[in-house]
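Colleague: sequence below, structure please.
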Amino acid sequence: MVIFGFLAILLLKVATAQEQCVVCSMVVNMAESYMSSSNMTAPEVENALANDCLKLSNKIAVAECTGFVHQYLSVIIDQLANVPLLWL
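Modeller: Got it, this is the predicted structure:
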């Protein structure tokens with residue numbers, strides 16, 4: 001997807017560790033899915049993603065995912081909301 005590719009490149013610059021890159025890709029993909037398939041508000045998307053993070057089996061991954069959501073979700077949502085839907 002065009003948006004996912006753009007955001008993944010943007011977020012890879014922000015991420016410092018390989019694990020964060022995996023987490024950022026996962027979070028962007030899930031956020032895009034939540035925003036495109038429902039009329040969720042930003043706080044609802046954040047809560048859904050935080051709950052998804054808690055389902056990860058590795059405690060370090062849970063911490064990284066939760067931290068990433070809280071730190072970068074507003075940027076992700078802004079980018080998803082402001083990028084034209086080029087694939088339609």
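
Colleague: quick one: low-confidence parts of this protein?
Modeller: The model of the chain has pLDDT under 70 over residues 1-20, 83-88.

Colleague: which strands and helices sit next to the helix ranked longest in it?
Modeller: When the chain is parsed with DSSP state H, its longest helix is helix 59-82. In terms of contacts (3 or more CB pairs under 8 Å, 6 or more residues apart in numbering; DSSP states H and E), helix 59-82 is packed against helix 2-14, helix 18-37, helix 42-54. (Glycine included, C-beta is placed from N, CA and C.)

Colleague: mind doing that once more with 6 Å?
Modeller: Helix 59-82 is packed against helix 18-37, helix 42-54, with contacts defined by 3 or more CB pairs under 6 Å, 6 or more residues apart in numbering; DSSP states H and E.

Colleague: between these, which one is nearest to residue 78?
Modeller: With distances scored as CB to CB, the stretch of those nearest to residue 78 is helix 42-54 (9.3 Å).

Colleague: how distant is that closest one from the center of its chain?
Modeller: Relative to the mean C-alpha coordinate of its chain, helix 42-54 is positioned 10 Å out (CA atoms, centre = their mean, to the nearest Å).

Colleague: outside of it itself, list whatever touches it.
Modeller: Residues outside helix 42-54 that contact it (CB atoms under 6 Å, 6 or more residues apart in numbering): 30, 31, 34, 62, 65, 66, 69, 73, 77.

Colleague: what is the neighbour count of the fifth one?
Modeller: Number of residues near residue 65 (other CB atoms under 10 Å) recorded here: 26.

Colleague: kindly report the same for the first one.
Modeller: In terms of burial, residue 30 registers 18 neighbours under the definition other CB under 10 Å.

Colleague: got a list of what it touches?
Modeller: 49, 52.

Colleague: circling back: dump the helices and strands packed on helix 59-82 to CSV, plus distance to residue 81.
Modeller: Listed next are those as CSV, based on distance: least, CB to CB, whole Å:
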stretch, distance to residue 81
helix 18-37, 8
helix 42-54, 9
